[in-house]
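Undergrad: from the sequence below, what's the structure:
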Amino acid sequence: MLKGLFADSSPITMLVMLVFTMLVCFLLFTFTGIMLAPLLFGVSVDDFVNGYNTCNSLNQMRYLQTLFSISIFIIPAFIAAYLFKSSGAVSYFGLQRAVSVKWFGATLLLMLMIVPFINLLVALNEMIVFPESLARLEQWLKDSEENIRQSTKLFLNVDNAGGVLFNIFMIAMLPAIGEELIFRGVLHNIFVKWYGNIHIAIIVTGFLFSAMHIQFYGFFPRWLLGVMFGYLMVWSGSIWLPIFAHFVNNALAVLAYFLIQKRTIPEEVETFGANWADIPVTVLATSICAGLLWIMYRKSQSFIKII
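TA: This next block holds a predicted model:
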């Protein structure tokens, strides 16, 4: 009965409905998750909320993070797709579109080759200095960045394969699916309808994708990735490719941190490409990325149709 109810609505109405759906799902599932805490963790609701149970606090954080990804991204995305298109979510997201294995192979190589350039952009982003009048804002951004970094380290600090696999599920798979469904799926379609231009929609959606992470000192490289994910979707005609690219990007970070902890690879890997000595490799890798993107562009019938 509600299928496609908002299909003919204005982009602003769709945007408001999406935000409302995300908020309701988040509140509902968070409340339900907290109510289930006594059963799952053997603690009272008060202790769970206040984090008194220190022996299980990390597991509780993982539980809440998993719940967050599902409730604010994945479920609202499918609800929005159901409301915004009469043919349903599969058609809305292009989930039925088969993508050649060659595209996935090219995307995997692309995500590997772009690492040095992304690290360089991160280093340049971190060099931005605010004027004296914005000193308080700058300090707040740095403090927020550090808090997020410390929280991420808590999740990543595992010493066995089981922990790594769960981190890949929580930090790589769930965000890749959920964030891509919301940003490259729902929001992209809303902004295409709003602006009537796919390129503007990709840029705006990439901007919002980066802003959502609330990490200014990684804002520009994340914006670039968001834009690239957008074009991967347009060129392939399916959301599976940006989901895969997003997953690879996050999974590489999880694996790299684990291997650094195990001293299997040097710590310098995290900043590879950002040092002067790495510039030749960064230039070469970036050139390969540009070549891969150009080939994808040329091979894409979807992209030709929108010119």
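Undergrad: what's the neighbour count on the nearest residue to Leu95 once chain neighbours are set aside?
TA: Counting by Cβ to Cβ, 6 or more residues apart in numbering, Leu95 lies nearest to Ile239, which is 6.7 Å off, once chain neighbours are set aside. Every C-beta, even on glycine, is put in place using the N, C-alpha and C of the backbone. Here the count is done by other Cβ atoms under 10 Å, and Ile239 has 24 residues near it.
Undergrad: and Ile239, how far is that from Ala81?
TA: Shown here: Ile239 relative to Ala81, a distance of 11 Å by Cβ to Cβ, to the nearest Å.
Undergrad: need the overlap of contacts for these two.
TA: When contacts are counted by Cβ atoms under 8 Å, 6 or more residues apart in numbering, Ile239 and Ala81 are jointly contacted by Phe93, Leu181, Gly185.
Undergrad: from what I can see the second one touches Ile74, true?
TA: Yes - contact status for Leu181 versus Ile74: in contact at 6.4 Å, counting by Cβ atoms under 8 Å.
Undergrad: so which of those two has more stuff around it?
TA: Shown here are Leu181 and Ile74; by other Cβ under 10 Å, Leu181 has more neighbours (26 against 18).
Undergrad: the closest residue to the more buried one other than its chain neighbours: which element?
TA: Of all residues beyond its chain neighbours, the one nearest Leu181 is Ala77 (3.6 Å), with distances taken as Cβ to Cβ, 6+ apart. For Ala77, the enclosing helix or strand under DSSP states H and E is helix 75-84.
Undergrad: the domain parsing of this structure - what is it?
TA: Listed domain ranges for the chain are 1-89, 94-306 (source: automatic domain parsing).
Undergrad: worst mean pLDDT among these?
TA: When mean pLDDT is averaged over each of the domains of the chain, domain 1-89 scores lowest at a mean of 85.
Undergrad: from the chain's centre, how far out does it sit?
TA: Its chain's average C-alpha position is 16 Å from that of domain 1-89, according to Cα atoms, centre = their mean, to the nearest Å.
Undergrad: and for stretch 196-206?
TA: Relative to the chain's own centre, stretch 196-206 is displaced by 17 Å; criterion: Cα atoms, centre = their mean.
Undergrad: which outside residues touch that stretch?
TA: Contact partners of stretch 196-206, identified using Cβ under 8 Å, 6+ apart, comprise 183-184, 187-188, 191-192, 194-195, 223-227, 229-231, 234, 306.
Undergrad: mark which of these are buried, thanks.
TA: Buried by 16 or more other Cβ atoms under 10 Å: 183-184, 187-188, 191-192, 194, 223-227, 229-231, 234, out of those.
Undergrad: from these, pick the one nearest Phe41.
TA: Of all these, the one with the least separation from Phe41 (Cβ to Cβ) is Phe183, at 32.1 Å.
Undergrad: show me the contacts for that closest one.
TA: Each residue near Phe183 by Cβ under 8 Å, 6+ apart is listed here: Thr205, Gly206, Leu208, Phe209, Met212, Gly226, Phe229.
Undergrad: what's the burial count for the first one?
TA: Taking other Cβ under 10 Å as the neighbour definition, Thr205 ends up with a count of 26.
Undergrad: element containing it, please.
TA: Secondary structure from DSSP H and E places Thr205 in helix 198-212.
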